[in-house]
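Chemist: One predicted model, sequence on top.
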Amino acid sequence: MSKLRVAVLGAKGRIGSEAVRAVEAADDMELVAALGRGDALETLVDSGAQVAVELTTPASVMDNLEFCVRNGIHAVVGTTGWTDERLAQLKGWLAASPDTGVLIAPNFSIGAVLTMKFAQIAAPLFASVEVVELHHPNKVDAPSGTATRTAQLIAEARRRAGTAPAPDATATALDGARGADVDGVPVHAVRLRGLLAHQEVLLGGEGETLTIRHDSLHHSSFMPGILLGVRRVVSAPGLTFGLEHFLDLG
Ligand SMILES: NC(=O)C1=CN([C@@H]2O[C@H](COP(=O)(O)OP(=O)(O)OC[C@H]3O[C@@H](n4cnc5c(N)ncnc54)[C@H](O)[C@@H]3O)[C@@H](O)[C@H]2O)C=CC1
Ligand SMILES: O=C(O)C1=N[C@H](C(=O)O)C[C@H](O)C1
């Protein structure tokens, strides 16, 4: 069987360098390009890449994806910074290249995907819910893509169930003291030396609380999800948002 020809964009970054090693170690993949900032995107075409793993920055991801999609190169994207406007633009490019697939995964780790799933189930059953994400201090965006997605899924689940807004008597507050408001869900971001990527979903009801916590302790936690994404995206044309769509979660 021929190997999947894979490129990594952001190959010198924290997660990109780990992805380079993971692709090199995968029996069914060949690393054909490893691009850093300033490297020519034409290398992707010249190397015959079938899938590009995009792990750069919110400032670079759109140009990279436009090039990939226009050239029929599938993409597995971990980079954050997704807005409705950006998604609409990407969908436009994909409409003009209907055989190309793009997976955007706010988080590639199985535990984080399950945290989102569990939070969706629990959120309509508790009066209160807030999200706390905790990351290394070199992270450039806040709140994290995972926390934003988690809050959106929570809000959607509560809307569907007709859950009342969470009680909150705060009358005066310093700016930021109650976190960022993502679809009505407070999201708090901690940046602390020593941490990697962590998230808690705090839920509260009458006389009880539930905390759903996930910890990524090493960038290796994201690799099985990235490799799964590479294997699956080649036969999933269009946009797939969330690794859960490639997992059998029941
Ligand atoms: N979805 C997920 O599971 C995960 C997503 N991330 C996200 O991935 C992104 C990268 O994170 P880190 O590796 O921690 O950042 P980083 O800053 O260590 O790495 C980014 C790399 O991309 C390079 N780069 C910038 N523009 C480029 C371009 N146009 N072409 C090629 N390379 C370019 C930079 O020079 C840098 O080496 C962030 O958005 C982060 O939130 C990080 C970990 C897991
Ligand atoms: O920058 C990171 O490190 C991470 N970014 C992603 C995010 O913003 O959710 C995924 C994970 O939290 C690690």
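Modeler: Cool, got the structure. Here the structure is a predicted model, which is why all the values come from computation and not from measurement. Numbering: from 1, shown residues only. Ligands and ions are numbered 1, 2, ... in the order given.
Chemist: This structure: strands as residue ranges?
Modeler: Using DSSP state E, the strands found in the chain span residues 4-9, 29-35, 51-54, 74-77, 101-104, 128-135, 180-182, 185-191, 197-205, 208-216, 238-241.
Chemist: Show the secondary-structure elements that the shortest one is packed against.
Modeler: Spelled out, it's strand 180-182. Here strand 180-182 touches helix 145-161, strand 185-191, going by 3 or more Cβ pairs under 8 Å, 6 or more residues apart in numbering; DSSP states H and E. For the C-beta atoms, the positions are set from N, CA and C on the backbone; glycine is no exception.
Chemist: Highest mean neighbour count out of these?
Modeler: helix 145-161 (a mean of 20; mean count of other Cβ atoms under 10 Å).
Chemist: Show me what that one is in contact with.
Modeler: Helix 145-161 has contacts (Cβ atoms under 8 Å, 6 or more residues apart in numbering) with 80-82, 106-107, 112, 115-116, 119-121, 123-124, 129, 131, 133, 143, 182-185, 187, 189, 197, 199, 201, 242.
Chemist: For stretch 169-176, measure first residue to last.
Modeler: 16 Å (Cα to Cα, to the nearest Å).
Chemist: so who does the residue nearest the centre of the chain touch?
Modeler: Geometric centre of the chain, nearest residue: residue 106, 1.0 Å, by Cα atoms, centre = their mean. By Cβ under 8 Å, 6+ apart, residue 106 lies in contact with 80, 82, 112, 145-146, 148-149, 242.
Chemist: so how many other residues sit close to the closest residue to ligand 1 within the chain?
Modeler: Residue nearest to ligand 1 within the chain: residue 13 (2.1 Å; Cβ to the nearest ligand atom). If you count neighbours by other Cβ atoms under 10 Å, residue 13 ends up with 19.
Chemist: burial of the nearest residue to it once chain neighbours are set aside, as a residue count?
Modeler: Excluding the flanking residues, the one nearest residue 13 by Cβ to Cβ, 6 or more residues apart in numbering is residue 55, at 6.0 Å. Other residues near residue 55 number 25, with proximity taken as other Cβ under 10 Å.
Chemist: Would you mind naming what in the chain lies close to ligand 2?
Modeler: Residues of the chain lying close to ligand 2 (Cβ under 6 Å from any ligand atom) are 80, 106-107, 135, 139, 144-146, 197.
Chemist: Would you reformat those as JSON lines and include pLDDT and distance to residue 215?
Modeler: JSON lines is the format used below for the residues of the chain next to ligand 2 (pLDDT from 0 to 100; distance: Cβ to Cβ, whole Å):
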{"residue": "80", "pLDDT": "97", "distance to residue 215": "19"}
{"residue": "106", "pLDDT": "98", "distance to residue 215": "16"}
{"residue": "107", "pLDDT": "98", "distance to residue 215": "12"}
{"residue": "135", "pLDDT": "98", "distance to residue 215": "11"}
{"residue": "139", "pLDDT": "97", "distance to residue 215": "15"}
{"residue": "144", "pLDDT": "98", "distance to residue 215": "13"}
{"residue": "145", "pLDDT": "97", "distance to residue 215": "17"}
{"residue": "146", "pLDDT": "98", "distance to residue 215": "12"}
{"residue": "197", "pLDDT": "98", "distance to residue 215": "8"}
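Chemist: Pick out whichever of these sits closest to residue 23.
Modeler: In terms of Cβ to Cβ, no member of the residues of the chain next to ligand 2 lies closer to residue 23 than residue 107, at 18.9 Å.
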